[in-house]
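Novice: need a structure here:
(one chain, ligands or ions: 2)
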Amino acid sequence: MTALLEVADLTRAFTVRLPGGLFGRTAALKAVDGVSFEVKAGRTLGVVGESGCGKSTTAKLVLGMIPATSGSIRFEGQAVGSVHNGTWRAQRRQMQMIYQDPLAALDRRLTLAEQIGEPMAIHGLGGAKAERREKVRELMDAVGLRTDMAERYPHEISGGQRQRVVIARALSLEPKLLVCDEPVSALDVSIAAQVVNLFQDLQERLGVGYLFISHDLKVVRQVSHEVAVMYLGRIVERGAPDVLFHRPAHPYTRALVAAVPTPKRRKQRERLILTGDPPSPVDVPRGCAFHPRCPFAIKVCGEVTPQLQPGDDGRLVACHVVHGEMKAAA
Ligand code: SF4
Ligand code: MG
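Specialist: Ligands and ions are numbered 1, 2, ... in the order given. Down below sits the predicted model:
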């Protein structure tokens with residue numbers, strides 16, 4: 001299957017001023033550190049991790065909203081430009097972003113029809129006004145909004161309906177990739193479930209690919225064809241959702257999975273509780289960044305950064321202990 005988006009060894013460092021730095025001491029914060037993945041056409045890569053792990057920065061990098069420090073991002077085989085060059089505008093039309101807060105993404109002064117039609121007008125698409133109005137109706141229909149709501153304003157509709165407007169607007173440019181950053185986190189559970197179903201339904205009908213970022217493992221498991229788990233800027237495990245969530249290998253993935261509340265856990269299986277906050281990205285621990293919180297850490301974990309390597313069931317995992325056990329078993 002064609003890779004729509006190919007990201008290789010992507011790194012983004014920020015320079016931050018250290019608190020109390022009398023002498024202007026600064027430090028390099030690697031928000032994203034050597035991240036590689038692909039999104040295939042019509043497929044979903046889910047990205048999970050705690051807040052501050054670099055998920056949103058990855059989204060912004062992919063869309064060329066901020067420049068990378070190093071690494072490459074290719075969309076349909078072409079390097080993704082930055083805001084400052086010509087290819088960016090054309091590429092950007094094919095890649096749209098869905099944010100967590102639909103109200104912030106919408107213009108309060110425009111009716112729903114105007115919001116949805118605006119990107120087409122800006123890009124000179126959708127034909128004459130009457131044609132565009134028809135296209136807006138089709139889009140409203142596609143995202144499950146009644147067309148008699150067209151003249152309403154964002155504050156007159158519910159949060160779930162607003163997110164549908166945002167999705168219709170993004171789809172108006174017929175993108176091939178949607179980058180969704182916590183797209184249902186602001187919604188009530190039942191409304192979130194409906195919007196998740198809409199995402200899946202649209203993918204089936206339109207073949208759009210998703211980079212789907214969420215801290216909600218259940219949602220990610222439902223929508224994703226592949227999942228990447230991020231910890232402090234790095235991907236620590238990547239693989240099929242059933243493999244990762246049913247039999248997580250990396251101690252951090254295991255802790256995330258164990259933390260998901262389930263109505264009845266069959267037996268109180270080994271529960272890994274995440275203790276402490278994630279360390280500050282300004283002061284990433286040496287070796288494996290997870291080692292201060294990891295119950296399995298051994299000496300090498302504090303010294304050498306584990307690299308992503310093939311594990312069982314087609315997964316990739318970055319953990320000294322997991323790879324040591326695999327070697328021992330082989
Ligand atoms: Fe834990 Fe070591 Fe594996 Fe890191 S490399 S997750 S510290 S066992
Ligand atoms: Mg975020």
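Novice: buried ones in stretch 120-139?
Specialist: Met120, Gly126, Arg132, Lys135, Val136, Leu139 (16 or more other C-beta atoms under 10 Å). Bear in mind the C-beta positions are built from the backbone N, C-alpha and C, glycine included.
Novice: no no, stretch 165-178
Specialist: 165-173, 175-178.
Novice: what's the most distant pair in those residues?
Specialist: Across the buried residues of stretch 165-178, no pair lies farther apart than Val165 and Lys176, at 20.9 Å, counting by C-beta to C-beta.
Novice: And the lowest-mean-pLDDT helix or strand in the chain, how far out from the chain middle?
Specialist: One helix or strand of the chain scores below all others by mean pLDDT, DSSP states H and E: helix 86-94, with a mean of 78. Relative to its chain's centre, helix 86-94 lies at 20 Å (C-alpha atoms, centre = their mean, to the nearest Å).
Novice: next one: stretch 108-123
Specialist: Between the centre of stretch 108-123 and the centre of its chain there are 26 Å (C-alpha atoms, centre = their mean).
Novice: how about that stretch: buried residues?
Specialist: Thr111, Leu112, Ala113, Gln115, Ile116, Gly117, Glu118, Pro119, Met120.
Novice: who's in contact with it?
Specialist: Under the contact criterion C-beta atoms under 8 Å, 6 or more residues apart in numbering, stretch 108-123 has outside partners 93, 106-107, 125-126, 132-133, 135-136, 139-140, 145, 149-155, 157, 165, 168-169, 172-173.
Novice: Take these and keep only those in helices.
Specialist: Here DSSP state H is the test, and the contacts of stretch 108-123 give Arg93, Arg132, Arg133, Lys135, Val136, Leu139, Met140, Val165, Ala168, Arg169 as lying in helices.
Novice: can I get those in TSV with distance to Arg247?
Specialist: Converted to TSV, the ones in helices among the contacts of stretch 108-123 look like this (distance: C-beta to C-beta, whole Å):
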residue	distance to Arg247
Arg93	40
Arg132	50
Arg133	51
Lys135	46
Val136	46
Leu139	41
Met140	42
Val165	39
Ala168	38
Arg169	39
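Novice: List the residues that contact the most centrally placed residue in the chain.
Specialist: Central residue of the chain (C-alpha atoms, centre = their mean): Ile213, 2.3 Å from the mean position. Contacts for Ile213 (C-beta under 8 Å, 6+ apart) come out as Gly46, Val47, Val48, Lys55, Ser56, Thr58, Ala59, Val179, Cys180, Asp181, Glu182.
Novice: Sort out which residues of stretch 11-18 are buried, please.
Specialist: Thr11, Arg12, Ala13, Phe14.
Novice: could those go into a markdown table alongside distance to Ala255 and secondary structure?
Specialist: Below are the buried residues of stretch 11-18 laid out as a markdown table (distance: C-beta to C-beta, whole Å; DSSP: H, G, I helix; E, B strand; the rest coil):
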| residue | distance to Ala255 | secondary structure |
| --- | --- | --- |
| Thr11 | 25 | strand |
| Arg12 | 25 | strand |
| Ala13 | 27 | strand |
| Phe14 | 27 | strand |
